[in-house]
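> the amino acid sequence is not available; the structure is as follows:
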DNA sequence: CAGTATCCTATTAGATACTG
DNA sequence: CAGTATCTAATAGGATACTG
């Protein structure tokens, strides 16, 4: 038998920060929201590509819990919900851009679905924004 | 039945970059290596805290494959191996520091093993480096 | 419209023992 | 010394059906 779970690990703000906007979908959600003031759930889902509702909803909850995204609910008929970046969320965007710029120098096209260039901020091999 | 695996996803350099230094251990390895010129495997392991050999070895392999870390083997008696950051690896350090600085403004101490301040670059609540 | 609920799979992380 | 091999555990990600 071995220990089933480690104690919570020593970690610095860097590692904490990477939890807030790392992972498979969070950075993309932040990017998409940074281009528009607000987005409805259904529009956001469409912009994200092939994400499922289960994953999108749970990821949004984490982003809201961590204060990066805000949710406004409109109880009209038909009802809708709008998502937007908070000030805290907007303050990560420059960091994401610097990562995109850094990685753009090295990223190569792997396949049809993994373009070498960023489709929205236009960073990529040999190209400046 | 449902599809077992999604096709490789459309992703921009940002998402590619986060794969290179995101994840649970990579950023910490880069931080530790950025402080010394080179480190032996056993020293690195000690500096990392409670990481297992299995995880450390496989994480180092990824970092080497992606060109962030270099490995030099010395076939003396006793043999040893030295790890260091490549130029590419060193070029992420400023990005990691900016994340650390950003997150330091928000991170709060969660427990004994999750200090609010970075132990090495000294970013944290109310504190500038 | 904007999600939940439920179930399932894939990947990552960890423990321990062993080796060139 | 510097790992590899093998196993188990935990978590993140995904599909589908259904609901206030």
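Alright, I've got the coordinates. Since this is a predicted model, take the numbers as computed values, not measurements.

> for chain B, see how far away the nearest residue to residue A:41 once chain neighbours are set aside is.
Of all residues not flanking residue A:41 in the chain, residue A:81 sits nearest, at 5.2 Å (C-beta to C-beta, 6 or more residues apart in numbering or on different chains). The way it works is simple: take the backbone N, C-alpha and C, and place the C-beta from them, glycine included. Per C-beta to the nearest C-beta, to the nearest Å, residue A:81 is found 25 Å from chain B.

> just checking, residue A:81 touches residue A:69?
No. Using C-beta atoms under 8 Å, residue A:81 is not in contact with residue A:69; the gap is 11.5 Å.

> returning to what we had before: for the residue nearest to residue A:41, list each beta-bridge partner.
Per DSSP bridges, the residues bridged to residue A:81 are residue A:73.

> just the pLDDT at it, thanks.
For residue A:81, the pLDDT comes out at 97.

> same thing with residue A:27?
With respect to pLDDT, residue A:27 has a value of 97.

> wait, what's in contact with it?
A:21, A:96, B:14-15, B:18 (C-beta atoms under 8 Å, 6 or more residues apart in numbering or on different chains).

> go again using 6 Å as the cut-off
A:21, A:96, B:14 (C-beta atoms under 6 Å, 6 or more residues apart in numbering or on different chains).

> for residue A:78, see how far away it is.
31 Å (C-beta to C-beta, to the nearest Å).

> and for residue A:123?
Counting by C-beta to C-beta, the gap from residue A:123 to residue A:78 is 38 Å.

> the more surrounded of these two?
residue A:123 (25 against 5; other C-beta atoms under 10 Å in any protein chain shown).

> returning to that earlier point: in a markdown table, list the contacts of residue A:27 along with distance to DNA strand C.
Listed next are the contacts of residue A:27 as a markdown table, based on distance: C-beta to the nearest atom of the strand, whole Å:
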| residue | distance to DNA strand C |
| --- | --- |
| A:21 | 16 |
| A:96 | 20 |
| B:14 | 17 |
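
> check these for burial and list the buried ones.
Using 16 or more other C-beta atoms under 10 Å in any protein chain shown as the burial test, the contacts of residue A:27 include A:21, A:96, B:14 as buried.

> mind listing what's buried in the helix or strand hosting the second one?
Using DSSP states H and E, the secondary-structure element containing residue A:96 is helix A:93-104. By neighbour count, and taking 16+ other C-beta under 10 Å as the criterion, the buried residues in helix A:93-104 are A:93, A:95-104.

> perfect, I'm done here.
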